[in-house]
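J.: show me the folded form of this:
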Amino acid sequence: MNLVLKRALPLLLSLIIAILFSSVNYLKNVDPLPSWKEGMNKKAILLFVEKVTREGSNDYVEPEDRIAVFDNDGTLWPEQPLVEGIFLLKTVKAMVAKDPSLKNKEPFKAVMEKDTGFFEKNNHKGILQLAVAAYGNKTEGTFEKDITTFLKSEKHPKFNVPYTELGYQPMLELMAFLKGKGFETWICSGGNVEFIRAFSDDMYGIPVQQVIGSTLKMDFKKVDGKHTLWRDTVIQSFNDKEEKPVNICYHIGKVPVFIAGNERSGGDIAMLTYSDERKGPSFQLLINHNDAAREFSYQEKDNASLQAAAANGWNVISIKDDWKIVFKK
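T.: This is a model prediction of the structure:
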């Protein structure tokens, strides 16, 4: 071996080892939540995940029990306007254009005449009637095609980009961080399950089998000589409020260790409570929409979600104060 090379070899090896250790230390210090402002809520998330994933910790949770559940509308992307609501209205208007007699029948009549009072008076009943009429009496394939067409063609009225580009960047980072720590991430939403499945994997990295949502009854039968799934006009499950814990039990079979929702209609209180009362450590996150400039600002009339958070010690995330950015630029 060349004498110069022989003498330089130990130095080169030391340099390589130093670079490797430096790289490892750098990776350890990489911020997994760069879009979150430094503060109590970010610190609470990091500390919780550290203690439930560190072997030997009193709060250690086995990988198979690390279930994280997220609401969708207002938790992972904006709910002003409600994206599926826009899809529903467009579907209804297309139905009326095809069959003008529908404009004289409720709930189609209320939509065409912009009679918001009809839906306010009937609470969820009128919306559910509309969804059943618009989503039922068709094959699953037809419904999926309608959703895909809508998502590709429509843009948000305020931000002027496709809805699928409006995932909250801090929440995308949070889900990626949890998955990297061995958590299984799920969506549990009041939205139609097929609607959310159309974008959940591409947008959030959550596969379709890990999406829980509202459903219509379906039948397996022959249509035009071919077996298919036929969407009935009967609601199988309206996945909101107290129904959310029920469906989490049905679909997951375990109580979430980490759970996230948002304030608007009180729809997530039940599932946050379900997680909070599990045996062992748990983390509840509630998003407060209070940033009119970068997103939207609104509150529940009865303030039920924020009151529940205060009473139970849940972590309330302020979009204005806790997030450096809302959407990826």
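
J.: these two touch, right, Ser57 and Lys51?
T.: Yes - shown here, Ser57 and Lys51 form a contact pair, counting by Cβ atoms under 8 Å, at 4.9 Å. Every residue, glycine included, has its C-beta placed from N, CA and C.

J.: could I get the buried residue list for stretch 36-49?
T.: Trp36, Asn41, Lys42, Ile45, Phe48, Val49 (16 or more other Cβ atoms under 10 Å).

J.: max pairwise distance over those residues: which two?
T.: Trp36 and Phe48 (13.7 Å; Cβ to Cβ).

J.: what does the residue nearest the centre of the chain show for phi and psi?
T.: Central residue of the chain (Cα atoms, centre = their mean): Asn72, 2.8 Å from the mean position. When quoted as degrees, to the nearest 10, the phi and psi of Asn72 stand at phi -110, psi -70.

J.: what's the pLDDT at the closest residue to it other than its chain neighbours?
T.: Using Cβ to Cβ, 6 or more residues apart in numbering and skipping the chain neighbours, the partner closest in space to Asn72 is Ser189 (3.8 Å). Predicted confidence (pLDDT) at Ser189: the value is 98.

J.: does the closest residue to Asp71 other than its chain neighbours fall in a helix, a strand, or a coil region?
T.: Take Asp71 and drop its neighbours on the chain: the residue closest to it by Cβ to Cβ, 6+ apart is Gly261, 4.3 Å away. With DSSP: H, G, I helix; E, B strand; the rest coil as the basis, Gly261 sits in strand.

J.: now swap in Lys217 and tell me
T.: Once three-state DSSP is applied, Lys217 turns out strand.

J.: so it touches Val234, yeah?
T.: Yes - with contact defined as Cβ under 8 Å, Lys217 reaches Val234; the gap is 4.3 Å.

J.: who's more crowded, the two?
T.: Lys217 (14 against 11; other Cβ atoms under 10 Å).

J.: surely Thr75 and Ile259 touch.
T.: No - using Cβ under 8 Å, Thr75 is not in contact with Ile259; the gap is 10.0 Å.

J.: those two: who's more crowded?
T.: Taking other Cβ under 10 Å, Thr75 and Ile259 do not tie; Ile259 has more neighbours (29 against 22).

J.: which pLDDT value belongs to the more buried one?
T.: Taking Ile259 on its own, its pLDDT is 98.

J.: tell me the bridge partners for the residue nearest to Asp71.
T.: With DSSP bridges as the criterion, Gly261 is bridged to Leu286.

J.: contacting residues for it?
T.: Phe70, Asp71, Thr75, Gly267, Asp268, Ile269, Met271, Leu272, Leu285, Leu286, Ile287, Ser305 (Cβ atoms under 8 Å, 6 or more residues apart in numbering).

J.: who wins on neighbours among the residues you listed?
T.: Asp268 (31 neighbours).

J.: and that one, how far is that from Phe108?
T.: From Asp268 across to Phe108, the span is 31 Å (Cβ to Cβ, to the nearest Å).

J.: what's near enough to touch the residue lying closest to Phe296 once chain neighbours are set aside?
T.: Once flanking residues are discounted, Phe296 sits nearest to Gln80: 4.4 Å by Cβ to Cβ, 6+ apart. With contacts defined as Cβ under 8 Å, 6+ apart, the neighbours of Gln80 are Lys158, Glu295, Phe296, Tyr298.

J.: need the max-distance pair from the residues you listed.
T.: The distance between the two most remote of these (Cβ to Cβ) is 13.5 Å, for Lys158 and Tyr298.

J.: low pLDDT regions in the stretch 201-329 of the chain?
T.: For the stretch 201-329 of the chain, not a single residue meets the criterion pLDDT under 70.

J.: what do you get for the stretch 1-150 of the chain?
T.: In the stretch 1-150 of the chain (pLDDT under 70), the answer is 1-28, 122-124.

J.: which parts of it are strands?
T.: Here the stretch 1-150 of the chain has its strands, by DSSP state E, counting those that start in this stretch, at 67-70, 138-139.

J.: mind exporting the C-alpha coordinates of stretch 161-170 to PDB?
T.: The C-alpha atoms that make up stretch 161-170 are tabulated as PDB, following Å, rounded to 0.1, in the frame of the first residue of the first chain:
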ATOM      1  CA  VAL A 161     -57.100  26.000  -5.900                       C
ATOM      2  CA  PRO A 162     -58.500  22.500  -6.000                       C
ATOM      3  CA  TYR A 163     -60.000  21.300  -2.700                       C
ATOM      4  CA  THR A 164     -57.400  18.500  -2.600                       C
ATOM      5  CA  GLU A 165     -54.600  21.100  -2.300                       C
ATOM      6  CA  LEU A 166     -56.000  22.400   0.900                       C
ATOM      7  CA  GLY A 167     -54.900  19.900   3.500                       C
ATOM      8  CA  TYR A 168     -53.700  21.700   6.700                       C
ATOM      9  CA  GLN A 169     -49.900  21.500   6.500                       C
ATOM     10  CA  PRO A 170     -49.500  21.200  10.300                       C
END
